[in-house]
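Student: just a sequence and a predicted model for now, questions to come.
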Amino acid sequence: MNDRVFTISVLIAIVTLIGSITYYKHSEMMAIKSNVESAIVKGIDPVAVRCAYASERDVVCVAYAASHQSTPKSGK
């Protein structure tokens, strides 16, 4: 009987964890979508908004940052 209760408890914990992660990721994606749509309306580059949420290993954002770097001008 105790093994069955333990198994059910672990199963409930795993299902709750999966549900929580899914909800968190869905909420994050909806926030990104809303912010990108708002950026488009305001005339802001949507890739820049997307890259604000991306990890440092996102290839698109690394290329975007490399192509949009400003070069310092000499003051002479």
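Tutor: Arrived safely.
Student: can you name the next helix or strand after the helix or strand hosting Met29?
Tutor: Counting by DSSP states H and E, the element that carries Met29 is helix 2-42. Toward the C-terminal end, the helix or strand that comes next after helix 2-42 (DSSP H and E) is helix 46-53.
Student: check which residues of that next one are buried.
Tutor: By neighbour count on 16 or more other Cβ atoms under 10 Å, the buried set for helix 46-53 is 47, 49-51. In this view, the C-beta of every residue, glycine as well, is placed from N, C-alpha and C.
Student: same question for stretch 40-47.
Tutor: Buried, per 16+ other Cβ under 10 Å, within stretch 40-47: Val47.
Student: residue contacts, the most centrally placed residue in the chain?
Tutor: Most central residue of the chain, judged by C-alpha distance to the mean C-alpha position with Cα atoms, centre = their mean, is Tyr53 at 4.8 Å. Remark: with contacts taken as Cβ atoms under 8 Å, 6 or more residues apart in numbering, Tyr53 is in contact with 28, 32.
Student: please report how far Lys42 lies from Val49.
Tutor: Between Lys42 and Val49 the distance, using Cβ to Cβ, to the nearest Å, works out to 10 Å.
Student: what do you get for Ala63?
Tutor: If you measure Ala63 against Val49 using Cβ to Cβ, the figure is 16 Å.
Student: what's in contact with the host helix or strand of Ala66?
Tutor: In this structure, Ala66 is located in helix 59-67 according to DSSP H and E. Applying Cβ under 8 Å, 6+ apart, the external contacts of helix 59-67 come out as 47-48, 50-51, 54, 56.
Student: could you do stretch 34-47 as well?
Tutor: Applying Cβ under 8 Å, 6+ apart, the contact partners of stretch 34-47 are 48-50, 52, 60-61, 64.
Student: the same query, at a cut-off of 6 Å, please.
Tutor: By Cβ atoms under 6 Å, 6 or more residues apart in numbering, the surrounding residues in contact with stretch 34-47 are 49, 64.
Student: distance from the chain centre to that stretch, please.
Tutor: Between the centre of stretch 34-47 and the centre of its chain there are 16 Å (Cα atoms, centre = their mean, to the nearest Å).
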